[in-house]
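In: Sequence unavailable; structure follows:
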């Protein structure tokens, strides 16, 4: 399966609690932190909720 790398590029200050929880679930706690996942509908949905805060690189 394809890999997706997600990097936090903007601060989570001022975000809703649901968006903060989504970032935590993605394993992103600090700016410029990255995490890789298998591409799946679940991960795509999580990325879509915080797309204004993250950068996505398909590998």
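Out: Here it is on my side, so go on. Note that the structure is predicted; figures quoted are calculated from it, not measured.
In: For residue 14, see how far away the residue lying closest to residue 1 once chain neighbours are set aside is.
Out: By the measure of CB to CB, 6 or more residues apart in numbering, the closest residue to residue 1 outside its immediate chain neighbours is residue 38, 4.9 Å from it. The way it works is simple: take the backbone N, C-alpha and C, and place the C-beta from them, glycine included. To residue 14, residue 38 is 31 Å away according to CB to CB, to the nearest Å.
In: Looking at these two, which one has more neighbours?
Out: Using other CB atoms under 10 Å, the more surrounded residue of residue 38 and residue 14 is residue 38, with 10 against 7.
In: what sits against the more buried one?
Out: Residue 38 makes contact with 1, 2, 3, 4 under the criterion CB atoms under 8 Å, 6 or more residues apart in numbering.
In: Just among these, which is most surrounded?
Out: Neighbour tally across those (other CB under 10 Å): the maximum, 18 neighbours, falls on residue 4.
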